[in-house]
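Engineer: pasting the sequence and the predicted coordinates here, then a few questions.
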Amino acid sequence: MSENATASTNGATAPTNGAAQISDDEINALADAARALSPGMRFVGRPLNFGWENGAWYWKPDRDHGEKVGATEAFAIDLRSAGEAWKRWGRMDNGKVGIVDQIGGRYVDGWRNPPRHAMPEADEDLPASDPWKESSSLVLKRLSDDQLLTWSAVYSSREGMGEFLAIAAKDWRDHIGCMPVVLLESAPDGKNFKPRLRIIGWQVFGEGESPPADPARGALLRKKLEELRQKYAAPKGAAPKGDKKPGAGKRGDMDDEIPY
């Protein structure tokens, strides 16, 4: 055995050169930290939005401008990126109203949004204007220039995303190592429209693809959820808290959220 060789003792790695042994707890702590810092549900690239009134898709090349997506533009879908989150709107340190807290994760990691009554400020503690808003997200790559986009869907757009994921999940096993290629379309939904992603092929997603599933991330998210419950627990007799997001409860020009 070499000078720096190690041996296992009582679940720990014991070096033979007199150095301090590394405990399982230390290794697990580093693994948990790596998991927390690794990409999970994330916003990458530029925002992609769907117009529920006209059925058009838009992307934002910068903060102040939007461009309509062409009917023949093809996009690869990063299926592992699909997930959902609860976001809390409130008054930020700069005085503006924005997202002050959020919790969410990827479906492949086992995350599902808790129902509203299981989130903070529910039932009798619920403010007059609910500060918590639910959304789902998905990462796409435009094939013409490899531009990454994140589609954050709310309201009826989440139903359209769910329909696409159900179709893609059935065929994914038959296309190992590949992701679906789609055209961004829409379908009538009463007087309005809902998003439709039509699969036209499968190919390798390439750079920017999400990492494989990691079910252990669920434990970290459950811990964060409990921390949020405690943070927003209203003391008995206290007035409901929460800042109203401008236009809360109303739809704007586009059904989807622009996550700035």
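Structural biologist: Sure thing, it's come through. These numbers come from a predicted model, not from an experiment.
Engineer: what domains does the record give for this protein?
Structural biologist: 6-36, 45-231 (automatic domain parsing).
Engineer: any chance of those in CSV, plus mean neighbour count?
Structural biologist: To be clear about C-beta, it is placed using only N, CA and C from the backbone, and glycine gets the same treatment. Converted to CSV, the domains of the chain look like this (neighbours: other CB atoms under 10 Å):
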stretch, mean neighbour count
domain 6-36, 11
domain 45-231, 16
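Engineer: least reliable of these going by mean pLDDT?
Structural biologist: Of all the domains of the chain, the minimum mean pLDDT falls on domain 6-36 (a mean of 63).
Engineer: disregarding residues adjacent in the polypeptide, which is nearest to E53?
Structural biologist: Sequence neighbours aside, N192 is the residue nearest to E53 in space, at 5.9 Å (criterion: CB to CB, 6 or more residues apart in numbering).
Engineer: then G160?
Structural biologist: In space, G160 is closest to P195, 3.7 Å off (CB to CB, 6+ apart).
Engineer: so the one you found is in contact with L184, correct?
Structural biologist: Yes. P195 is within contact range of L184, at 7.3 Å (criterion: CB atoms under 8 Å).
Engineer: name the residues contacting each of the two.
Structural biologist: Residues touching both P195 and L184 comprise W57, with contact defined as CB atoms under 8 Å, 6 or more residues apart in numbering.
Engineer: okay, P240: pLDDT?
Structural biologist: 48.
Engineer: wait, A56 touches K68, no?
Structural biologist: Yes. Counting by CB under 8 Å, A56 touches K68, with 5.7 Å between them.
Engineer: what touches both of these two?
Structural biologist: Going by CB under 8 Å, 6+ apart, no residue sits against A56 while also sitting against K68.
Engineer: angles on the backbone of the residue nearest to G160, please.
Structural biologist: phi -70, psi 150 (degrees, to the nearest 10).
Engineer: now do it against W57, distance only.
Structural biologist: Distance, P195 to W57, using CB to CB, to the nearest Å: 8 Å.
Engineer: so what's in contact with those two at the same time?
Structural biologist: With CB under 8 Å, 6+ apart, P195 and W57 have common neighbours 50, 184, 186.
Engineer: can you tell me which of the residues you listed is nearest A76?
Structural biologist: L184 (12.1 Å; CB to CB).
Engineer: which residues touch the closest one?
Structural biologist: Going by CB under 8 Å, 6+ apart, the list of residues near L184 reads 57, 69, 73, 75, 195-197.
Engineer: for it, what are phi and psi?
Structural biologist: phi -90, psi 110.
Engineer: bridging residues for it?
Structural biologist: L197 (DSSP bridges).
Engineer: the chain: strands as residue ranges?
Structural biologist: 6-9, 12-15, 46-50, 57-62, 65-68, 74-91, 97-106, 132-142, 147-153, 179-189, 192-203 (DSSP state E).
Engineer: which elements pack onto the fourth one?
Structural biologist: When you say that, I think you mean strand 57-62. Here strand 57-62 touches strand 46-50, strand 65-68, going by 3 or more CB pairs under 8 Å, 6 or more residues apart in numbering; DSSP states H and E.
Engineer: mind putting those strands into JSON lines with distance to K133?
Structural biologist: Putting these into JSON lines (distance: least, CB to CB, whole Å) gives the following:
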{"stretch": "strand 46-50", "distance to K133": "15"}
{"stretch": "strand 65-68", "distance to K133": "21"}
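Engineer: quick one: closest of the ones you listed to K96.
Structural biologist: Per CB to CB, nearest to K96 of the helices and strands packed on strand 57-62: strand 46-50, 18.0 Å.
Engineer: now the residue nearest the centre of the chain. Nearest residue, chain neighbours left out?
Structural biologist: Central residue of the chain (CA atoms, centre = their mean): M41, 3.8 Å from the mean position. In this structure, M41 finds its nearest non-sequential neighbour in G83, 3.9 Å apart by CB to CB, 6+ apart.
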